[in-house]
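A.B. asks: What shape does this take:
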Amino acid sequence: MQNARDRLLLAAAELLQGGGTVSTRAVCDRAGVQAPTLYHHFGSKQGLIDAVANHGFTQYTAVESSGDPLDDLREGWDRHVRFGLEHPSFYGLLYGRVEPGRPCAITAPAHAALRERLTAAAARGMLKVPADDAAEQVLAANVGVTLTLISQPEPDFGLSGRVREAALAGVLHTPSADTPTTRASAALTLRALADDDPGDLTPGERGLLGELLDRLAR
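C.D. replies: Next up is the predicted model:
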């Protein structure tokens, strides 16, 4: 038998997925509890909604690397879009209702995972821009196309693929024997490798090296 906390989570999730009103009364009636029980477990209605969104998003972010950075980036993009289309109410809570100057803590792990995939690409000489900048660019495009598809009566999946490839082309290049290594790409590659394995460098030395490599990568 589910405890009161689990019943509240399930009730809120069902209301969100069904497009219903997520009021304190509606959630409590559906869960068969009184309002003080909700406040006891979650502090507020917003605390409950955050817990529901966090639970759903954790399932989306749990994935292993294939070993190929480009494949991982493409799969990560497609998985992001699928999550948004399968859970539009959750997605709207995560990305559609933002407060100026306050990044969403719930989506932070997904952003970190994207940066890790881009850092892996940098270690192979594939990145055109610093990993932080690349992550911001790719995420902005990914969120934008997902919200667009959610709003369409019939989602245009071809649009997602086209935007994905354009976004990745803006931050990645594919090294080849005929492509000379530039100063910027070499600096980005060394930056990624040093971040992954700093060796015997002290924190101060790591900071100085990172600053120099960032300047060379511009």
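
A.B. asks: Quick check: the gap between Glu154 and Ala4.
C.D. replies: Plainly put, Glu154 is 40 Å away from Ala4 if you go by Cβ to Cβ, to the nearest Å. Heads up, the C-betas are built off the backbone N, CA and C, glycines and all.

A.B. asks: what about the two, which has more around it?
C.D. replies: Ala4 (16 against 6; other Cβ atoms under 10 Å).

A.B. asks: if I read this right, the more buried one contacts Gln34, doesn't it?
C.D. replies: No - assessed by Cβ atoms under 8 Å, Ala4 is found out of contact with Gln34, at 9.6 Å.

A.B. asks: Keeping just the C-alphas, turn stretch 30-39 into PDB.
C.D. replies: C-alpha atoms of stretch 30-39 as PDB (Å, rounded to 0.1, in the frame of the first residue of the first chain):
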ATOM      1  CA  ARG A  30      -7.300  12.700  -5.400                       C
ATOM      2  CA  ALA A  31      -4.800  11.400  -2.900                       C
ATOM      3  CA  GLY A  32      -7.300  11.000  -0.100                       C
ATOM      4  CA  VAL A  33      -5.500  13.200   2.400                       C
ATOM      5  CA  GLN A  34      -5.900  16.600   4.100                       C
ATOM      6  CA  ALA A  35      -4.000  19.700   3.200                       C
ATOM      7  CA  PRO A  36      -1.800  19.600   6.300                       C
ATOM      8  CA  THR A  37      -0.400  16.200   5.100                       C
ATOM      9  CA  LEU A  38       0.700  17.800   1.800                       C
ATOM     10  CA  TYR A  39       2.400  20.700   3.700                       C
END
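
A.B. asks: From the chain's centroid, how far away is it?
C.D. replies: Relative to the chain's own centre, stretch 30-39 is displaced by 32 Å; criterion: Cα atoms, centre = their mean, to the nearest Å.

A.B. asks: Secondary structure element for Ala113, which one?
C.D. replies: Using DSSP states H and E, Ala113 sits in helix 108-123.

A.B. asks: per-residue confidence averaged over that helix?
C.D. replies: The pLDDT scores in helix 108-123 average 86.

A.B. asks: What are the buried residues along it?
C.D. replies: 110-111, 113-123 (16 or more other Cβ atoms under 10 Å).

A.B. asks: Check stretch 150-164 too.
C.D. replies: In stretch 150-164, counting by 16+ other Cβ under 10 Å, buried: 150, 155, 160, 163-164.

A.B. asks: Give me the contacts around it.
C.D. replies: Contact partners of stretch 150-164, identified using Cβ atoms under 8 Å, 6 or more residues apart in numbering, comprise 74, 77-78, 81, 84-85, 88, 91-92, 141-142, 144-146, 148-149.

A.B. asks: Please identify which of the residues you listed is nearest to Ala26.
C.D. replies: Taking Cβ to Cβ as the measure, Gly92 is the one of the contacts of stretch 150-164 closest to Ala26, at 17.5 Å.

A.B. asks: Thank you, goodbye.
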